[in-house]
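Novice: 3D model of this:
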Amino acid sequence: SRDFYCNYRTRSRTSNWGDAETHRLIDLWQIFRVELQQTKRRRHIFEEMSRRLLSLGFKRDANEIQGRITNLAYLYRREGKMKLVDPSRAPWKFWDHVHKVLHGSSAVTHLNQVPTDSTPDVSQQEPGVNIVCRPEIPSYLNGENSEDSSESGQQGVSSGRQQDMLMAIVEQQRLLTLEILNDERRHHEERLRILLDMEDRLKKEHNEFKLALVDRLNSGFAQIISAIHSTSFTCPHSC
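Specialist: Here you go, the predicted model:
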């Protein structure tokens, strides 16, 4: 039918999310946060969120809502990691709202925990980052006991430690970059899975639409043929 066709055409379109409906979605996310964490079957929750968004004037189906929440969580994690690399970054416009959903507190405290200096403290490095300190050479192997040799040795040790710190910083940033890339890969795979699910659903709806259209046409042809037969049988009597 035409109503089915129009409904199919409407649901097959996906538009970008605006700021207003994103804020309403985050509010609903906060309401259903505990339920989403406690169950693995979340379809009915996303459908309820879709109905509530519709009552607010925004039409989004369950798949679109699930994809948007996944995207917001990914952007939040990436923003937090990028903030560690560059504390001077402008804040993401949804950071505080998503932080309240995920942590139940204001993002101000969380942001204050980010070091103000882009150079991390070597004593608080991440696991897996090994700092290989340059061994100090004993003075008796130098063959010199003068004050100049002592100062030169101290300068060499200081230079070696600075080099080790720089190497540790580079290694930390490399590991952080790899983690960001892995998050982006997982996010891409999740988005791809959602898109494939939407594609399967749209194919199913398209097939249902074609079957409904064929049934409608067959019913119309049957009525026409029946009318023709009834006319051919009544014509001789009228003549």
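
Novice: ramachandran angles for Lys40?
Specialist: Taking degrees, to the nearest 10, you get phi -100, psi -20 for the backbone angles of Lys40.

Novice: okay, now it: neighbour count?
Specialist: Neighbour count for Lys40, taken as other CB atoms under 10 Å: 5. Where C-beta positions appear, they are placed from N, C-alpha and C, glycine not excepted.

Novice: got a list of what it touches?
Specialist: The contact partners of Lys40, by CB atoms under 8 Å, 6 or more residues apart in numbering, come to none.

Novice: outline the domain layout of the protein.
Specialist: Domain assignment for the chain by automatic domain parsing gives 14-116, 119-239.

Novice: tell me how far Ile26 lies from Ile69.
Specialist: For Ile26, the distance to Ile69 equals 9 Å [CB to CB, to the nearest Å].

Novice: coming back round to it: out of the domains of the chain, deepest packed?
Specialist: The highest average neighbour count among the domains of the chain, using mean count of other CB atoms under 10 Å, belongs to domain 14-116 at a mean of 15.

Novice: avg pLDDT for that one?
Specialist: Average pLDDT, domain 14-116: 84.

Novice: cool, and stretch 217-226?
Specialist: For stretch 217-226, the mean confidence score works out to 87.

Novice: cool, stretch 188-205 as well?
Specialist: Taken as a whole, stretch 188-205 has a mean pLDDT of 88.

Novice: dump it to PDB, keeping only the CA atoms.
Specialist: This file holds the C-alpha atoms of stretch 188-205, laid out as PDB (Å, rounded to 0.1, in the frame of the first residue of the first chain):
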ATOM      1  CA  HIS A 188      34.700   1.400  13.000                       C
ATOM      2  CA  GLU A 189      33.900  -2.300  13.300                       C
ATOM      3  CA  GLU A 190      30.900  -1.500  15.600                       C
ATOM      4  CA  ARG A 191      29.600   1.100  13.200                       C
ATOM      5  CA  LEU A 192      30.000  -1.400  10.300                       C
ATOM      6  CA  ARG A 193      28.000  -4.000  12.300                       C
ATOM      7  CA  ILE A 194      25.200  -1.500  13.000                       C
ATOM      8  CA  LEU A 195      25.100  -0.500   9.300                       C
ATOM      9  CA  LEU A 196      24.900  -4.100   8.200                       C
ATOM     10  CA  ASP A 197      22.000  -4.800  10.600                       C
ATOM     11  CA  MET A 198      20.200  -1.700   9.200                       C
ATOM     12  CA  GLU A 199      20.900  -3.000   5.600                       C
ATOM     13  CA  ASP A 200      19.400  -6.400   6.400                       C
ATOM     14  CA  ARG A 201      16.400  -4.700   8.100                       C
ATOM     15  CA  LEU A 202      15.800  -2.400   5.100                       C
ATOM     16  CA  LYS A 203      16.100  -5.400   2.600                       C
ATOM     17  CA  LYS A 204      13.500  -7.200   4.600                       C
ATOM     18  CA  GLU A 205      11.100  -4.200   4.700                       C
END
